[in-house]
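Asks: got a structure for you, letters missing:
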Ligand SMILES: Cc1ncc(COP(=O)(O)O)c(C=O)c1O
């Protein structure tokens, strides 16, 4: 291990320089190289330890280097990493069965990413919107898709077309036609925009990138009723909030009705890239060979890893842990909100928590990193917490202690800057 650390230290400056020179500059990255992780901690190339409350942006549900996952990857990578979807493999069927059982859905398609699962959902919605017994033509009046304001569904063309934030959309216009955005949780707006030409309503059950906003039960119920009435589809994007993060398998399981399509990805294969579309039988009945496909989705090794991920959730009370730790975390942050008035609101469920500030969140993220805590900020003002589902009560306490220090330190320096600004302003007069 010492030897590996030494080598990594040596390669780090070169790795950074190569990245600067050869990568497309799509990310504003921190000048940090992380080299390994263990449980809920990650380590940078200098050996500094960080409590990981970002979790690879909601991916590392079982943390890092979970022994069961490591074991399955070792075993299966020595057997078959990839075969082909022209054949069956040992794990795809059993994984589809397990996902159907825990979701209440009927059929599964495996993709490589969240965005690709969303693309598939959009295609299935358009496919389903056509009359079952008439020839397919280019014309299709029932092509309208309703998405929500502040939504985020991914970076591919269809996904970006149903993503509300302008900076993600505008550079690529014109986008997929027929998309309209409904005000968040606003039933009247949904009703006014719904008509017989809508083929789908798509929503994140809890919005992630938009700032951790749960869809209300009343809004869900109305969207469900309208889509049923018009034989349109209700699509739940559970890519960030699904598969255990809320303490339930799926965030929509707190409602009394199911969606028609569900998109999942992030934690599904414990860090390996795997997404899935979960569909009702009525939709599956419209699908025939050749209508959709992918090269990589659902390979043997990745499906074996996903099965192991779901087995660990089942067998080791991980869901109950996520719910209990989420409650502790929330209670601790609410206490801090009483002490720091610039905390405007604490939102979320289980281990998907947003702390909305009245001020820019980026200095808090930077200070947390200085103090060995990884968090991020979404929508400028909302600090987002997405720790692993296996986090312990002790680590929740550790987080709360560092977070309090961060809030105190940044607010003090903000106050000092403000005092200096006022002093300069007074002196200038
Ligand atoms: C709710 C939601 N949908 C879709 C996506 C896109 O997933 P991916 O980045 O795997 O394409 C994300 C990613 O952050 C997401 O949070």
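Replies: Happy to help now that I have it. All values reported here derive from a predicted model rather than from experimental measurement. Numbers count the residues shown, from 1 in each chain.

Asks: Next to the ligand in this structure, residues from the stretch 201-350 of the chain, please.
Replies: Listed as neighbours of the ligand in the stretch 201-350 of the chain under the rule CB under 6 Å from any ligand atom: 204, 208, 209, 237, 239, 240, 265. The C-beta positions use only the backbone N, C-alpha and C, and glycine is treated the same way.

Asks: and of the residues you listed, the nearest to residue 88?
Replies: The shortest approach to residue 88 among these belongs to residue 265, at 22.5 Å (CB to CB).

Asks: contacting residues around residue 241?
Replies: Taking CB atoms under 8 Å, 6 or more residues apart in numbering, we find residue 241 in contact with 204, 205, 206, 208, 251, 349, 352.

Asks: For those, give me a markdown table that also has neighbour count and pLDDT.
Replies: Converted to a markdown table, the contacts of residue 241 look like this (neighbours: other CB atoms under 10 Å; pLDDT from 0 to 100):
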| residue | neighbour count | pLDDT |
| --- | --- | --- |
| 204 | 27 | 98 |
| 205 | 23 | 98 |
| 206 | 25 | 98 |
| 208 | 24 | 97 |
| 251 | 24 | 98 |
| 349 | 22 | 97 |
| 352 | 25 | 98 |
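
Asks: So the nearest residue to residue 154 once chain neighbours are set aside, which state does it fall into?
Replies: Nearest residue to residue 154 in three dimensions, chain neighbours excluded: residue 115, at 2.9 Å (CB to CB, 6 or more residues apart in numbering). Secondary structure, DSSP: H, G, I helix; E, B strand; the rest coil: residue 115 is helix.

Asks: what's around whichever residue of the stretch 51-200 of the chain sits closest to the ligand, how many residues?
Replies: At 2.3 Å from the ligand, residue 114 is the closest residue in the stretch 51-200 of the chain, using CB to the nearest ligand atom. Residue 114 has 29 neighbouring residues, counting by other CB atoms under 10 Å.

Asks: same thing with residue 181?
Replies: Neighbours of residue 181 (other CB under 10 Å): 16.

Asks: isn't it right up against residue 145?
Replies: No - with contacts counted by CB atoms under 8 Å, residue 181 stays clear of residue 145, the gap being 10.0 Å.

Asks: related to what we said a few turns ago, among the residues of the stretch 201-350 of the chain next to the ligand, which are in strands?
Replies: 204, 237 (DSSP state E).

Asks: what's the farthest-apart pair in the residues of the stretch 201-350 of the chain next to the ligand?
Replies: 209 and 265 (13.8 Å).

Asks: So between the two, which is more surrounded?
Replies: The residue with more neighbours, out of residue 209 and residue 265, is residue 265; 28 against 21, by other CB under 10 Å.

Asks: Point out the other helices and strands that the longest helix belonging to the chain packs with.
Replies: The longest helix of the chain (DSSP state H) is helix 393-428. Counting contacts by 3 or more CB pairs under 8 Å, 6 or more residues apart in numbering; DSSP states H and E, helix 393-428 is packed against strand 49-52, helix 318-339, helix 362-370, strand 373-374.

Asks: What average pLDDT does that helix get?
Replies: Mean per-residue pLDDT for helix 393-428: 87.

Asks: contacting residues around stretch 81-101?
Replies: So stretch 81-101 is contacted by 80, 105-108, 110, 264, 276, 278, 293-301, 303-304, 306-307, 310 (CB under 8 Å, 6+ apart).

Asks: redo that, cut-off 6 Å
Replies: 106, 108, 278, 298, 299, 300, 301, 303, 304, 306, 307, 310 (CB atoms under 6 Å, 6 or more residues apart in numbering).

Asks: Please apply the same query to stretch 349-367.
Replies: In contact with stretch 349-367 (CB under 6 Å, 6+ apart) are residues 206, 211-212, 241, 245-247, 322-323, 326, 333, 342, 344-348, 375-377, 381-385, 387, 406, 409-410.

Asks: again, only this time at 7 Å
Replies: Applying CB atoms under 7 Å, 6 or more residues apart in numbering, the external contacts of stretch 349-367 come out as 206, 211-212, 214, 241, 245-247, 251, 322-323, 325-326, 329-330, 333, 342-348, 375-377, 380-387, 389, 406, 409-410, 414.

Asks: swap in stretch 48-58?
Replies: So stretch 48-58 is contacted by 37, 40-43, 208, 240, 245, 266-267, 271, 372-376, 385-388, 395, 398-399, 402 (CB under 7 Å, 6+ apart).

Asks: Separate out the buried members of those residues.
Replies: For those, a neighbour count by 16 or more other CB atoms under 10 Å gives the buried set as 37, 40-43, 208, 240, 245, 266-267, 271, 373-376, 385-388, 395, 398-399, 402.

Asks: which one is residue 333 nearest to, not counting chain neighbours?
Replies: Nearest one to residue 333, counting by CB to CB, 6+ apart, is residue 346 at 5.0 Å.

Asks: pretty sure the one you found contacts residue 330?
Replies: Yes - Residue 346 lies in contact with residue 330 (CB atoms under 7 Å); the separation is 6.3 Å.

Asks: Can you give me every residue that contacts residue 284?
Replies: Residue 284 neighbours (CB under 7 Å, 6+ apart): 106, 107.

Asks: can you give me phi and psi for it?
Replies: Dihedral pair for residue 284: phi -60, psi -30, per degrees, to the nearest 10.

Asks: quick one, helices of the stretch 101-250 of the chain?
Replies: Applying DSSP state H, counting those that start in this stretch to the stretch 101-250 of the chain gives helices spanning 114-128, 157-161, 166-169, 187-193, 217-229.

Asks: To residue 76, which of those helices lies closest?
Replies: That would be helix 114-128 among those, by CB to CB, at 22.0 Å.

Asks: outside of that closest one, which residues touch it?
Replies: Helix 114-128 is contacted by residues 109, 111, 140, 143, 145, 153-156, 158-159, 199-200, 233, 235, 237, 239, 261, 263-266, 275-277, 279, 283, 286, 291-292, 294 when judged by CB under 7 Å, 6+ apart.

Asks: Narrow those to those that are buried.
Replies: Buried, going by 16+ other CB under 10 Å: 109, 111, 140, 143, 145, 153-154, 158-159, 199-200, 233, 235, 237, 239, 261, 263-266, 275-277, 279, 283, out of these.

Asks: Okay, and which of those residues map to strands?
Replies: Judged by DSSP E, strands contain the following of those: 109, 111, 145, 199-200, 233, 235, 237, 261, 263-264, 275-277, 279.

Asks: what's the pLDDT at the residue of the stretch 251-400 of the chain found nearest the ligand?
Replies: Ranking the residues of the stretch 251-400 of the chain by distance to the ligand (CB to the nearest ligand atom) places residue 265 first, at 4.7 Å. pLDDT, residue 265: 98.

Asks: From residue 178, how far off is residue 141?
Replies: For residue 141, the distance to residue 178 equals 10 Å [CB to CB, to the nearest Å].
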